[in-house]
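Enquirer: based on what follows, work out the 3D shape:
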Amino acid sequence: MNDLTLDCSDLDQHMGKPIQPARLRDPVANIDIRRWAQAMHYPNRLHYDDDFAEASRFGRLVAPQSFAIATDDGHGAAPACVGGIPNSHLIFGGDEWWFYGPRIYGGDMIVNERIPYDYAVKETKFAGPTCFQRGDNNYHNQDGDLIAKQRSTSIRYRADLAREMGSLDGTEDPEWTDQQLAELEEEKFSWIRMLHDLGHGKRYWDDVQVGDALPPRTIGPHSIASFTTEWRAYLFTIWCGVHRRTDLDMEALGFTEDMAGKEQDPVLELENPELTDGAYIGPSRGHLFPRWARYIGMPRGYGYGASMGAWILDYFAGWAGEWGRVVHSNASYRGPAFTGDITIMQADVIDKLVDDEGRNLVQVNCKMTNQLGATMATAKAEIELPKK
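Expert: The predicted structure is shown next:
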């Protein structure tokens, strides 16, 4: 039996101290925005159809609110995983977002200023003693405008304890019949029709009532192919796609030897970039290779927490329409999207209010589940809508 301890003593020295910022090499391009919308399964024409976008209130292609995370160099987790925890691994635990108004367009240069926030160690059924660590990401454009703040939560744990505590049930993908797949496509298209029906119109705050249900949104079935598509939509996953950190050492973070790798190493990237590509080598490869998923306590290939957060933000923003926007969202991730599973989002309006800034807001509760009803994530958000 392993010693049931998790050494987090190194973390204290990092709290509240800024780390290197995340910096793009090139301005955001419209193709980056299109790639993101496609990878996140978000067919909102504002984000990929020039003609539709030009007729909108924005007058041009605009990035989804969720796109901010694509401009970071580590899914927003960098300030939430500073400090060494020996023999550990990491998964995402949640994201809280505040949006301040400015949007991201092609031509923008985004910088993310990052500050570790806090951490707490709790006992879990998943892996025994587990560290829940948080860090802040502050996204600015080239004019210094604050676009969004993301408070990311990482879950750091000992992979050996996760394996030992029996979390590897369900190693095989579920099978779907052709009829079931056809029905799923119709379910997915019902939400897309909602986007089309609203078009450039306004969803008025006055017309929304407490107790209203948002149309459900379905994604999947997930696969290694779909997860790979998501991975490549994050700009940092492209060779020399961002200015790499020089203060990042996977081994120093305490990742187990087989998972540490040299992911994002700025020197090795120029010599042999395949050895720095997290899709293949390093702590991120557990997502795309079932063998390595099982190694860190997951039953099979699994999706990215940051993508789950994007699905939720897109769900809210798509319902709000181009005249509305998400102003705040707090999501907790309970379990990842696994290959073969589907993801279903449902939400209800739980309050209507006018805040201190005079914004007309609706508050919604969201639950994300798989086809078996298992909870993948929960979220509460405030969405600004226009008033008649």
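
Enquirer: find the centremost residue of the protein, please.
Expert: Against the mean C-alpha coordinate of the chain, by C-alpha atoms, centre = their mean, the closest residue is Ala306 at 1.5 Å.

Enquirer: can you tell me the SS state at that residue?
Expert: helix (DSSP: H, G, I helix; E, B strand; the rest coil).

Enquirer: isn't it right next to Phe67, touching?
Expert: No. In this structure Ala306 lies outside contact range of Phe67 using C-beta atoms under 8 Å: 11.4 Å. Bear in mind the C-beta positions are built from the backbone N, C-alpha and C, glycine included.

Enquirer: still on that earlier bit, what sits closest to the residue nearest to the centre of the chain if chain neighbours are left out?
Expert: Spatially, and ignoring its direct neighbours in sequence, Ala306 is nearest to His75 (3.8 Å; C-beta to C-beta, 6 or more residues apart in numbering).

Enquirer: would you mind measuring from the one you found to Ala213?
Expert: 30 Å (C-beta to C-beta, to the nearest Å).

Enquirer: and these two? which has more neighbours close in?
Expert: Remark: of His75 and Ala213, His75 carries more neighbours, 26 against 10, as counted by other C-beta atoms under 10 Å.

Enquirer: list the buried residues in stretch 5-23.
Expert: Leu6, Cys8, Leu11, His14, Met15, Ile19, Gln20, Pro21, Ala22, Arg23 (16 or more other C-beta atoms under 10 Å).

Enquirer: gap between the two ends of that stretch?
Expert: 36 Å (C-alpha to C-alpha, to the nearest Å).

Enquirer: could you do stretch 205-217 as well?
Expert: So stretch 205-217: terminal residues 21 Å apart, C-alpha to C-alpha.

Enquirer: now that stretch: buried residues?
Expert: Within stretch 205-217, judged by 16+ other C-beta under 10 Å, the buried ones are Trp205, Val208, Leu214, Pro215, Arg217.

Enquirer: my read is that the first one contacts Val362, right?
Expert: Spelled out, that is Trp205. Yes. With contact defined as C-beta under 8 Å, Trp205 counts as touching Val362 (6.6 Å).

Enquirer: so what sits against both of these two?
Expert: Lys352, Leu385 (C-beta atoms under 8 Å, 6 or more residues apart in numbering).

Enquirer: can you give me the helices in this protein?
Expert: For the chain, the helices defined by DSSP state H cover 30-39, 50-54, 159-164, 178-198, 224-233, 257-260, 268-271, 290-295, 305-320.

Enquirer: same for the first one, what does it pack against?
Expert: With contacts defined as 3 or more C-beta pairs under 8 Å, 6 or more residues apart in numbering; DSSP states H and E, the packing partners of helix 30-39 are helix 224-233.

Enquirer: residues making contact with the helix it packs on?
Expert: 35-36, 38-40, 70, 220, 237-238, 278-279, 284, 287-288, 301-304, 307, 339.

Enquirer: so which of the residues you listed belong to strands?
Expert: Of these, none are assigned to strands by DSSP state E.

Enquirer: emit the PyMOL select command for whichever of the residues you listed are buried.
Expert: Entered in PyMOL, the line below selects the buried ones among the contacts of helix 224-233, by 16+ other C-beta under 10 Å:
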select buried, resi 35+36+39+40+70+220+237+278+279+284+287+288+301+302+303+304+307+339
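
Enquirer: quick one: contacts for the residue nearest to the centre of the chain?
Expert: Contacts of Ala306 by C-beta under 8 Å, 6+ apart are Ile69, His75, Gly76, Ala77, Phe92, Asp95, Tyr234.

Enquirer: so what pLDDT did it get?
Expert: As predicted, Ala306 sits at a pLDDT of 92.

Enquirer: same check on the one 10 residues further on?
Expert: We note a pLDDT of 98 for Phe316 in this prediction.

Enquirer: hang on, isn't it packed against Glu382?
Expert: No. With contact defined as C-beta under 8 Å, Phe316 does not reach Glu382; the gap is 9.4 Å.

Enquirer: more neighbours: which of these two?
Expert: More crowded of Phe316 and Glu382, by other C-beta under 10 Å: Phe316, with 26 against 20.

Enquirer: so where's the stretch 101-250 of the chain uncertain?
Expert: Residue ranges of the stretch 101-250 of the chain with pLDDT under 70: 161-169, 250.

Enquirer: quick one, what contacts the closest residue to Met298 other than its chain neighbours?
Expert: Closest residue to Met298 apart from its sequence neighbours, by C-beta to C-beta, 6+ apart: Gly286 at 6.3 Å. Gly286 makes contact with His89, Met259, Trp292, Ala293, Tyr295, Ile296, Met298, Tyr302 under the criterion C-beta under 8 Å, 6+ apart.
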